[in-house]
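1. When you get a sec, could you give me coordinates for this:
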Amino acid sequence: MTRKSGGPKTRILILSLVLIAGFLIIGIRLFFLQVVHASSLADRAEKQRQKTIMIEGERGTIFDRKGRVLAVNLELPSVFSTPGHVHNPSQTAKKLGRLLGKDPSQLKKRIKGEKSFVWIERKMDPSLAEKVQKLDLNGIGFLMESRRFYPKRTLMSHVLGFAGVDNNGLEGLELRYDEFLKGEKGWVVLERDALGGFVFPKDLVYAQPSRGKDIVLTLDEVIQFISDRELDRAIEETSAKGGVVIAMDPYTGGILSLSVRPQFNPNHVGRHEPSDWRNRAITDLYEPGSTFKIVAAAAALEEGLVSLGEPIDCENGALRVGSGFLHDHEPHGILTFEEVLQKSSNIGIFKVANRLGNQKLYQYVKAFGFGKKTDIDLNGEVAGVVHPPSQWSGRSLASMAMGQEVGVTALQVIGSASVIANGGWLPQPHLVSEIRDEEGNSLLNFSYPLSRRVISEKTARSMTRILKGVVQGDGTGELAAFGGYEVAGKTGTAQKVDPSTGRYSRGKVISSFIGFVPADHPRVIIYVVLDEPKGVHWGGTVAAPVFKRIAEQTLSYMGVMPEGKENFLLVSQK
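-> Purely as a prediction, here's the structure:
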């Protein structure tokens with residue numbers, strides 16, 4: 001007879017040990033859950049119950065030099081969905097799609113998705129938001145968000161640029177000064193209800209976003225309006241492809257206006273081609289033509305290689321240079337050095353530049369600011385093209401002296417001419433003068449003292465006298481003159497290269513005029529560029545009159561009295 005192993009006592013012991021082990025494991029697990037991992041598990045539970053929505057801070061305001069608002073923020077409603085709350089996704093998508101002009105099938109996918117929160121339409125028209133609200137749809141809610149608004153529409157659009165839906169600067173000053181303009185983000189916490197949808201709780205947890213800094217520009221809204229209007233008029237009259245006008249203080253480098261065509265409205269960026277956003281004043285290169293003759297003339301005077309009144313033989317309009325001929329637009333015999341510029345003789349300026357030689361001319365071209373960025377406070381500026389003498393051909397010196405074989409921007413040209421206007425210094429072009437806080441307290445002031453002398457004051461004054469002659473008598477810029485003020489300036493008509501032939505086109509030109517006024521103590525320097533004007537296209541014919549109209553109105557607005565007239569101050573005494 002065999003004996004059974006283990007009796008009741010053994011089974012009870014084993015069962016007790018199993019139970020004790022089970023309770024021990026549960027106890028250890030509870031200890032880890034309630035003590036060791038309590039904090040992290042509480043956080044996880046909170047995250048499952050709550051949803052934090054980030055809210056962008058309001059961007060700072062942009063003002064012109066007189067305190068006029070150029071870019072500001074509007075509080076607009078944004079529509080969102082909490083998919084767990086949407087009772088009938090198909091009907092909701094149809095109703096929203098009909099109002100918002102969106103594809104209902106795409107909307108349905110979004111509001112049936114796994115996300116607990118989705119945006120439907122952000123920063124929308126309040127009247128449209130009101131219509132959506134009247135639908136009284138389950139799972140559809142609203143949040144107020146800040147949207148950038150440009151009250152002057154197209155005015156200064158290429159300078160201001162624009163901000164995106166998330167309040168990030170994308171172009172222009174909005175991008176360049178984004179770190180100052182952009183506010184600090186805030187947030188709002190939504191809670192999940194019993195059905196899994198998100199709602200605003202009674203004790204709403206909310207962090208107010210902070211506002212960005214304000215910036216004050218050197219630009220003047222009135223001068224900008226004058227420049228825009230006159231550029232548009234010129235383009236309409238000449239059927240030009242586009243154009244640029246820049247007005248600047250030649251002493252400080254502060255830009256007073258910057259007009260670019262084609263234009264765009266930063267409130268409706270999507271309606272324009274990206275090419276319309278391009279600031280052609282700093283991104284587009286072209287050969288400047290005769291306005292560039294200022295450089296060789298000033299360099300030769302500075303080096304003592306030519307003197308005022310010196311006669312120069314202009315070869316009756318034709319001179320062999322290298323393997324070809326250099327021509328003037330009309331034949332001239334003997335001209336004085338001053339007349340070479342006043343009548344814009346290619347042959348005359350070549351003979352002057354030839355005395356400088358390749359290396360010296362190249363040095364002055366660089367010194368006048370060409371071939372490198374001006375470092376204006378905008379993104380996208382290009383340096384231009386100035387080849388070193390080692391890459392020049394036998395004709396390059398002649399070409400460069402009269403504004404060919406170089407690639408420049410409009411901003412570089414106005415900077416170079418400012419050297420003559422201000423007595424010999426290369427200024428620093430800039431657009432922002434100050435950064436302020438919300439209360440108007442100044443945080444940063446920007447000033448750019450004239451720090452790099454290019455030519456002597458004596459040479460600058462001599463060049464000013466010569467450029468006055470361009471606008472007088474039978475000079476090429478006589479149409480830039482107007483009563484009461486002396487104008488100094490230079491015309492330019494540059495043939496464009498035809499990409500199909502690689503040769504200079506006869507019909508496609510860049511017509512321009514650069515001038516400053518009053519000539520001896522200038523308050524403003526203005527550069528006018530017209531791209532491919534039709535018909536008569538000389539710079540002195542189509543661009544000089546635009547300068548005249550802008551300068552005349554600008555001086556009147558600035559309160560600059562005509563020269564040679566006494567000013568009287570009327571005082572009343574009580």
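
2. Make sure A367 is actually in contact with V454.
-> Yes: using Cβ atoms under 8 Å, A367 makes contact with V454 at a distance of 5.0 Å. In this view, the C-beta of every residue, glycine as well, is placed from N, C-alpha and C.

3. Output stretch 302-320 as CSV, restricted to C-alpha atoms.
-> Output of stretch 302-320 as CSV, limited to C-alpha atoms (Å, rounded to 0.1, in the frame of the first residue of the first chain):
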residue,chain,number,x,y,z
GLU,A,302,40.8,112.9,-56.9
GLU,A,303,44.0,111.5,-58.4
GLY,A,304,44.8,114.8,-60.1
LEU,A,305,44.8,113.2,-63.5
VAL,A,306,42.3,115.6,-65.0
SER,A,307,41.4,119.3,-64.3
LEU,A,308,38.3,121.3,-64.6
GLY,A,309,38.1,123.1,-68.0
GLU,A,310,40.6,120.7,-69.6
PRO,A,311,39.7,120.0,-73.3
ILE,A,312,39.2,116.4,-74.3
ASP,A,313,39.0,115.3,-77.9
CYS,A,314,35.8,113.1,-78.3
GLU,A,315,36.8,112.1,-81.9
ASN,A,316,33.6,113.2,-83.5
GLY,A,317,31.7,110.3,-82.0
ALA,A,318,33.8,107.2,-83.0
LEU,A,319,37.0,105.7,-81.6
ARG,A,320,38.6,102.3,-82.2
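
4. What are the buried residues along it?
-> By 16 or more other Cβ atoms under 10 Å, the buried positions in stretch 302-320 come out as E302, L305, V306, I312, C314, E315, G317, L319.

5. quick one: contacts of that stretch?
-> 297, 300-301, 325-328, 330-338, 340, 345, 347-348, 350-352, 355-356, 360, 364, 455-456, 459, 462, 465-466 (Cβ atoms under 8 Å, 6 or more residues apart in numbering).

6. for stretch 257-274, same thing?
-> Stretch 257-274 is contacted by residues 148-150, 153-154, 156-162, 219-220, 223-224, 226-228, 231-232, 235, 242-247, 275-281, 431 when judged by Cβ under 8 Å, 6+ apart.

7. which regions of the stretch 51-200 of the chain lie under the pLDDT threshold?
-> Scanning the stretch 51-200 of the chain with the threshold set as pLDDT under 70 gives 51-56, 114, 186-200.

8. With the chain instead?
-> Short version for the chain, where the test is pLDDT under 70: 1-6, 30-56, 114, 186-208, 564-574.

9. Name the single longest strand found in it.
-> Assignment by DSSP state E gives strand 503-517 as the longest strand of the chain.

10. Please identify the buried residues of that one?
-> Result for strand 503-517 [16+ other Cβ under 10 Å]: buried residues K508, V509, I510, S511, S512, F513, I514, G515, F516, V517.

11. Which residues are in contact with each of A367 and V454?
-> In terms of Cβ under 8 Å, 6+ apart, A367 and V454 are both contacted by the residues L426.

12. picking that back up, now, which of the contacts of stretch 257-274 lie within strands?
-> R148, F149, F162, G242, G243, V244, V245, I246, A247.

13. any chance of those in a markdown table, plus distance to P389 and neighbour count?
-> Listed next are the ones in strands among the contacts of stretch 257-274 as a markdown table, based on distance: Cβ to Cβ, whole Å; neighbours: other Cβ atoms under 10 Å:
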| residue | distance to P389 | neighbour count |
| --- | --- | --- |
| R148 | 49 | 25 |
| F149 | 52 | 16 |
| F162 | 43 | 22 |
| G242 | 33 | 16 |
| G243 | 33 | 28 |
| V244 | 30 | 29 |
| V245 | 34 | 29 |
| I246 | 30 | 25 |
| A247 | 35 | 26 |
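
14. Which of the residues you listed sits closest to P8?
-> Using Cβ to Cβ, the shortest approach to P8 within these belongs to R148, at 84.6 Å.

15. so that closest one sits right up against E174, yeah?
-> Yes: using Cβ under 8 Å, R148 makes contact with E174 at a distance of 7.4 Å.

16. Between the two, which contacts overlap?
-> Contacts common to R148 and E174, judged by Cβ under 8 Å, 6+ apart, are R59, A71, F162, A163.

17. Tell me the buried residues within those.
-> When burial is judged by neighbour count using 16+ other Cβ under 10 Å, the buried members of the shared contacts of R148 and E174 are R59, A71, F162, A163.

18. I figured L70 hits L160, correct?
-> Yes: with contact defined as Cβ under 8 Å, L70 counts as touching L160 (6.1 Å).

19. Return every residue with contacts to both of those two.
-> Between them, L70 and L160 share these contacting residues under Cβ under 8 Å, 6+ apart: I62, Y150.

20. Tell me who's in contact with H537.
-> Residues near H537 by Cβ under 8 Å, 6+ apart: T238, T493, V509, S511, L530.

21. one more time with 7 Å
-> H537 makes contact with T493, V509, S511 under the criterion Cβ atoms under 7 Å, 6 or more residues apart in numbering.

22. gap between it and Y286?
-> In this view, H537 and Y286 are 14 Å apart by Cβ to Cβ, to the nearest Å.

23. if we can go back for a sec, dump the ones in strands among the contacts of stretch 257-274 into JSON lines; add distance to G394 as well.
-> Output for the ones in strands among the contacts of stretch 257-274, formatted as JSON lines (distance: Cβ to Cβ, whole Å):
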{"residue": "R148", "distance to G394": "55"}
{"residue": "F149", "distance to G394": "58"}
{"residue": "F162", "distance to G394": "49"}
{"residue": "G242", "distance to G394": "35"}
{"residue": "G243", "distance to G394": "35"}
{"residue": "V244", "distance to G394": "33"}
{"residue": "V245", "distance to G394": "37"}
{"residue": "I246", "distance to G394": "35"}
{"residue": "A247", "distance to G394": "40"}
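
24. Out of those residues, flag the one nearest to I111.
-> Using Cβ to Cβ, those come closest to I111 at R148, 27.8 Å.

25. List the contacts of that closest one.
-> Applying Cβ under 7 Å, 6+ apart, the residues near R148 are R59, A71, N73, F162, A163.

26. got the buried residues for stretch 214-229?
-> Of the residues in stretch 214-229, 214-228 count as buried by neighbour count, 16+ other Cβ under 10 Å.

27. which residues of the stretch 201-350 of the chain fall in strands?
-> 205-207, 214-217, 242-248, 255-261, 311-313, 318-321, 324-327, 334-336 (DSSP state E, counting those that start in this stretch).

28. Among these, which comes closest to I120?
-> strand 205-207 (21.4 Å).

29. Domains in the chain, by residue range?
-> Per the record, the chain has its domains at 52-217, 240-247+276-425+460-558, by automatic domain parsing.

30. mind giving me CSV with the ones you listed and columns for distance to S442?
-> Output for those, formatted as CSV (distance: least, Cβ to Cβ, whole Å):
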stretch, distance to S442
domain 52-217, 9
domain 240-247+276-425+460-558, 17
